[in-house]
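**Student:** here are the coordinates; sequence isn't available:
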DNA sequence: GGCTACTGAGAAAACGCTTTCTCGACCGGT
DNA sequence: ACCGGTCGAGAAAGCGTTTTCTCAGTAGCC
């Protein structure tokens, strides 16, 4: 299986010392140039730049970290049940966005999972020891212990989604779930539907709570009493959407629209509707949430609510960098966008 | 600024020096204990352990890196077109698996994307400077420049999937695409089908090539001539599956089975089949590949081929660590598993 | 001309750790 | 007693940066 081929053992990369020697200046001067160079004459700067280029010098981040007391990297911390997030296309979009936003600042992204208690124990020292300069916290379920951990460790962090814990003054960036839900329900009502049901998300997640609240608000706004038989709660999974729809149909066969808090659940709901012979959107209009790939692939394609993931990731990174630079926590809520397809 | 400014000295985390003082030994002894401690008496070891625990000491990785000349982290390098991978559930599984396998070795995973030329230019110095100890390379399209880059940088790396470049002796871990495809086609033939078509993956990806080769092999094995009208090539996307199926049906309306090289394409194919009134599996049997979430959610649920992602990630990490420890490159091919559902 | 003020750049002190190197202590064998 | 050998542990030399601190040189200003 293994033939031992001597891998070309890389010769030591050049150090600041080599650059200094080549440029005929001291190490300190090279460092000053590296830092953007105040107190450096144009001649020196030029000589140093030339030497850097010629030797292919790259700063040694470990050495820099040691003296600056900064890690020079940021963690992307998944403290949610893994499957829920890793399987979620939104997660991928967010991860990609954060990676790229950080890359622009020359900050590598360190991926950390902390779903189980064992994992949390393992990473806690890592975080307290400030092996990263800050944390992008992907989690939202109520009472997440990481929020408290991070706060105590004095580590800057920004949550994705409004945290449901009791601690206030936590920095977070979120889509406007409530407004998004309201827009979607208004859209359903706008097409003349009057018996609008909902399949909400889990009530220990901010999205689940807010989207349901938005649903109720709009019904009230339109003078429609909320009929609790029209409300189901799922867990964002396909199966829970299908099951929820079945229960709704059993309790309220006359419903003519349903707002589902995730596309995956909505796709499940479509299956349940189809099985009972109902046509979408003719008999029942269906509105999803997320604009995930499954929405476009559904039968019929789902009308849904797009979350601004690009802006969310970008904003999270901006907020985190601001905190690392000493600013206080802040929260940002970004608007969602209605995507009209065939289902409503 | 002449007087002593009473700067609120942020309390530094404890260093090896503090531990040594507490334990009444020298710094060297503490370090020896940290390294697993040879040449340390039980008494000293105990004293040091107690001090570490009491002070909550955590090693400073930057300082360690500086002296050991090791980064103490590993990169997960996505050098594929981002969308193709970030949207892929397999990618998430792989990423999660690698993160956890590395965590067991106390190695943080650094996520890096290098899809565009600009990004590649940005990360090349990072890699050549050995800011990571090794790379898990997620890419496969032909002639990926990163393979050459990494080799030149003398950085250990393991590819996910067999690289198609000309350089040999590259370490890689892959699912047995060819055997998997063969098993699936055999399964289709086993249910009595005789006009088995295929929608292959892109022919610049190893999976695409191998799965198509497996298809051809099994047909030959059964004494069936390969009818080129039964072969379509897609790009793994839903849309390309739908379009491919349409073209197949136009060219060969009598086909009674189709082996599709990805579940997403297979789902698209189902839609195309449904539109022409064909029933699955009664009229046409459909076999997918990947066992992605969409497979279970499809109508009907897809029979598919599961890739052993857990074992793949685990094996990749093991191979990488071996290389970092000086061993030569090696390649491992892992078997796939048929998942029978309703579509075939 | 004698101050101060500023600029550019070298010398050197950290930063926290690993790893020699050295040395004393202790052991058994002659 | 003497001697090679082993073992435990302190002293100290770095690892490659950044950041003082210092100082020579040069203006600027009365």
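**Tutor:** Alright, I've got the coordinates. Every value quoted in this text rests on a predicted model; they were computed, and no experiment measured them.

**Student:** Going by C-alpha atoms from here, please, whenever you check contacts or count neighbours.
**Tutor:** Fine.

**Student:** Sort out which residues of stretch A:164-178 are buried, please.
**Tutor:** Judged by neighbour count (16 or more other C-alpha atoms under 10 Å in any protein chain shown), stretch A:164-178 contains these buried residues: A:164, A:170, A:171, A:172, A:173, A:174, A:175, A:176, A:177, A:178.

**Student:** ditto for stretch A:136-155
**Tutor:** Taking 16+ other C-alpha under 10 Å as the neighbour-count basis, stretch A:136-155 is seen to contain the buried residues A:136, A:137, A:138, A:139, A:140, A:141, A:146, A:147, A:150, A:155.

**Student:** Can you tell me the SS state at the first one?
**Tutor:** Going back to what we said before, that points to residue A:136. Here residue A:136 takes the strand state, with states given by DSSP: H, G, I helix; E, B strand; the rest coil.

**Student:** Strands of the stretch 201-344 of chain A, residue ranges please.
**Tutor:** Listed in chain order, the strands of the stretch 201-344 of chain A (DSSP state E, counting those that start in this stretch) span A:231-233, A:257-260, A:285-287, A:304-306, A:331-334, A:337-339.

**Student:** Out of those strands, flag the one nearest chain B.
**Tutor:** Taking C-alpha to the nearest C-alpha as the criterion, chain B comes closest to strand A:304-306 out of these, the separation being 15.9 Å.

**Student:** Which elements pack onto the closest one?
**Tutor:** Packing partners of strand A:304-306 (3 or more C-alpha pairs under 8 Å, 6 or more residues apart in numbering or on different chains; DSSP states H and E): helix A:177-190, strand A:337-339.

**Student:** The stretch 151-300 of chain A: helices as residue ranges?
**Tutor:** Counting by DSSP state H, counting those that start in this stretch, the stretch 151-300 of chain A has these helices, from start to end: A:177-190, A:206-221, A:238-251, A:263-275, A:293-297.

**Student:** Name the spans of chain A whose pLDDT lies under the cut-off.
**Tutor:** A:1-11, A:37, A:80-89, A:140-143, A:166 (pLDDT under 70).

**Student:** ok so, going back, and the strands of the stretch 201-344 of chain A as TSV, adding mean neighbour count?
**Tutor:** Listed next are these as TSV, based on neighbours: other C-alpha atoms under 10 Å in any protein chain shown:
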stretch	mean neighbour count
strand A:231-233	20
strand A:257-260	29
strand A:285-287	29
strand A:304-306	25
strand A:331-334	16
strand A:337-339	19
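
**Student:** Nearest approach to DNA strand C belongs to which of the ones you listed?
**Tutor:** strand A:331-334 (32.7 Å; C-alpha to the nearest atom of the strand).

**Student:** outside of the closest one, which residues touch it?
**Tutor:** Under the criterion C-alpha atoms under 8 Å, 6 or more residues apart in numbering or on different chains, residues A:170, A:171, A:172, A:173, A:174, A:175, A:176, A:308, A:311, A:312, A:315 lie in contact with strand A:331-334.

**Student:** Just put those in CSV and tack on distance to DNA strand D.
**Tutor:** Listed next are the contacts of strand A:331-334 as CSV, based on distance: C-alpha to the nearest atom of the strand, whole Å:
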residue, distance to DNA strand D
A:170, 28
A:171, 27
A:172, 29
A:173, 30
A:174, 34
A:175, 37
A:176, 40
A:308, 36
A:311, 31
A:312, 31
A:315, 27
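
**Student:** circling back: any idea which of the helices and strands packed on strand A:304-306 is most buried?
**Tutor:** Across the helices and strands packed on strand A:304-306, the average number of neighbours (mean count of other C-alpha atoms under 10 Å in any protein chain shown) peaks for helix A:177-190, which reaches a mean of 22.

**Student:** That one versus helix A:206-221: what angle between them?
**Tutor:** 40 degrees (axes from the mean of the first three to the mean of the last three C-alpha atoms, to 10 degrees).

**Student:** Name the residues that touch helix A:177-190?
**Tutor:** With contact meaning C-alpha under 8 Å, 6+ apart, helix A:177-190 is reached by A:196, A:207, A:210-215, A:217-218, A:257, A:259, A:285, A:287, A:304-305, A:335-338, A:344.

**Student:** Can you pull the residues of the stretch 51-200 of chain A lying near DNA strand D?
**Tutor:** For the stretch 51-200 of chain A, the residues found near DNA strand D under the criterion C-alpha under 7 Å from any atom of the strand are A:58, A:59, A:60, A:63, A:64, A:66, A:67, A:68.
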